[in-house]
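Undergrad: Please find the sequence and the predicted model below.
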Amino acid sequence: MNTAEPLQKSERMMWIDAARGFAILGIFVVNIGAFSAPYFLYGGEKDAWSQAIDQFTHVMIDIFFQASFYTLFSLLFGFGLQILKERLITKGIAVSPFLFRRLIILMMFGMIHAFLIWHGDILLSYGIIGLFFMAFIYRSDRAILLWGTLILGSSVFLYTVMLYNVRAFLGGANTSGIHRAETYYASNDWFVILDQNLNDWLYANSIFSYVLLGTTLLPLFLIGMYLARKRWLHNPSQHRKRLWAAWVVSLIVFIALKMGPYLNGNPEWFSYTQDNVGGAASALFYLFSITLSAQSIFGKKLLKPFSFVGRMSLSNYILQSLICFILFYGVGFGLYGSVRPIEAMGIVALVYTLQVFVSKWWLAKYRYGPLEWLWRSLTYKQKQPLRETENE
């Protein structure tokens, strides 16, 4: 009987691993602000961090990081599922039951992360929306591109119109939410912290917000699947002209929608378009930039550190949350609300650099990151070899 096997080293595309590692860095840049203070969720950051350097840091994060890296990771998620589907078909394995099991296990990881560590988890959402993604895995290339464009375009247009119509009521801070978060996360009682974490998760994850998330994540999964089918990123040298053309287009849209709003005061009502169309364009720009850069010797050397983190993206994502939990909450160092944005970027640089070295050391001894190994073993319903010296 044929059994599914994970991708081997010789089959990996280094630039895709590097893109995942780069996405983990960008996600950390955004997430640390939400982990260290209540303002990302409840507003009021401009009043709390009024110094010029902190305001500049916020602007840079908004343009170059906000909504650019979870979108990049979403593209790569769809890309990876398509590669896995092709592998399963080659092996003669039933695709739908296998992918369903993989997504359910991802949802379990997400539930642990969301409710025991941090309310800002994305894994649970990936698993849930991934179930809807499965309805498209046998559709034609044209169909998935059309559906992805229509779903994203309709969502962005309708919600942006709604925001424009209520623009006079946008902005401002939820002062009661801020005060509660500052009080509860400062507690040295684990259960008080988890209670606030649940409160924040419920605040951020209404049924309506999940509908919006579904209509933005699902199209990104589909676009990632489309890219994998076209194999432009598999063989960059064969598709160099097409990749450069896509790079130019994505850069133009990136500049227009992520930077452009600042020429008009960065209006709040335009934020949904800025994040979801501009963010998708910036994600594609980063992906194409990394792919093209990796085709040179210098580019490969530059990107190699990111690839170590990318091969252990799940483990490194959860590790960042665990480190932030210890740094910012009362059961640890209790730095919640006291770390300025510019200081947070210093923490990101330090932690991510350590993750590069630890990931490189780990992968010299083991085939997968610890959580990747667990996810694979549960998905394939058999213990996977972990050490490099273990036989298949």
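TA: That came through, no problem. Numbering: from 1, shown residues only.
Undergrad: Quick check: mean pLDDT of stretch 299-315?
TA: For stretch 299-315, the mean per-residue pLDDT is 97.
Undergrad: For the remainder of this discussion, apply numbering that starts at 51.
TA: Got it, the first residue is 51 from now on, which makes the last one we talked about stretch 349-365.
Undergrad: Show me which residues of that stretch are buried.
TA: 349, 353-365 (16 or more other C-beta atoms under 10 Å). C-betas here are computed from N, CA, C, even on glycine.
Undergrad: does residue 379 really touch residue 386, like I thought?
TA: Yes: taking contacts as C-beta atoms under 8 Å, residue 379 lies within contact range of residue 386: 6.1 Å.
Undergrad: what do these two both touch?
TA: Shared contacts of residue 379 and residue 386, defined by C-beta atoms under 8 Å, 6 or more residues apart in numbering, are found at 235-236.
Undergrad: hey, which helix or strand in the protein has the poorest pLDDT?
TA: helix 95-98 (a mean of 84; mean pLDDT, DSSP states H and E).
Undergrad: chain center to that helix, what's the gap?
TA: Between the centre of helix 95-98 and the centre of its chain there are 26 Å (C-alpha atoms, centre = their mean, to the nearest Å).
Undergrad: What of stretch 132-140?
TA: Distance, centroid of stretch 132-140 to centroid of chain: 23 Å (C-alpha atoms, centre = their mean).
Undergrad: What of stretch 340-353?
TA: 22 Å.
Undergrad: what's the first-to-last distance across it?
TA: 8 Å (C-alpha to C-alpha, to the nearest Å).
Undergrad: can you list the residues that contact that stretch?
TA: 64-66, 68-69, 72, 283, 286-287, 290, 293-294, 297, 356.
Undergrad: Export these as TSV, with columns for distance to residue 307 and secondary structure.
TA: Below are those laid out as TSV (distance: C-beta to C-beta, whole Å; DSSP: H, G, I helix; E, B strand; the rest coil):
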residue	distance to residue 307	secondary structure
64	30	helix
65	25	helix
66	25	helix
68	25	helix
69	21	helix
72	20	helix
283	23	coil
286	26	coil
287	30	coil
290	26	helix
293	21	helix
294	21	helix
297	16	helix
356	25	helix
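Undergrad: For the residues you listed, which single residue is the most surrounded?
TA: residue 69 (30 neighbours; other C-beta atoms under 10 Å).
Undergrad: Quick check: what element follows the host helix or strand of residue 348 along the chain?
TA: Using DSSP states H and E, residue 348 maps to helix 347-361. Using DSSP H and E, the helix or strand that follows helix 347-361 towards the C-terminus is helix 363-378.
Undergrad: Distance to residue 303 added to the contacts of stretch 340-353, as TSV?
TA: TSV is the format used below for those (distance: C-beta to C-beta, whole Å):
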residue	distance to residue 303
64	27
65	22
66	22
68	23
69	19
72	19
283	19
286	21
287	25
290	21
293	16
294	15
297	11
356	24
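Undergrad: follow-up on the earlier one: next secondary structure after the least confident helix or strand of the chain?
TA: Counting by DSSP H and E, what follows helix 95-98 is helix 102-114.
Undergrad: thinking again about what came up before, could you say what helices and strands the least confident helix or strand of the chain packs with?
TA: helix 102-114 (3 or more C-beta pairs under 8 Å, 6 or more residues apart in numbering; DSSP states H and E).
Undergrad: Helices along the stretch 201-350 of the chain, start to end?
TA: Counting by DSSP state H, counting those that start in this stretch, the stretch 201-350 of the chain has helices at residues 225-235, 240-254, 257-280, 290-304, 321-323, 329-343, 347-361.
Undergrad: mind checking how far the last one is from the chain centre?
TA: Okay, so that is helix 347-361. 19 Å.
Undergrad: Measure how that helix sits relative to helix 363-378, angle-wise.
TA: Helix 347-361 and helix 363-378 are oriented at 70 degrees to each other (axes from the mean of the first three to the mean of the last three C-alpha atoms, to 10 degrees).
Undergrad: what inclination does helix 347-361 have with respect to helix 329-343?
TA: 130 degrees.
Undergrad: For residue 216, give its distance to residue 153.
TA: 35 Å (C-beta to C-beta, to the nearest Å).
Undergrad: Those two: who's more crowded?
TA: Neighbour count, other C-beta under 10 Å: between residue 216 and residue 153, residue 153 has more, with 20 against 10.
Undergrad: Let me know the helix or strand that the more buried one is in.
TA: With DSSP H and E as the test, residue 153 turns up in helix 145-166.
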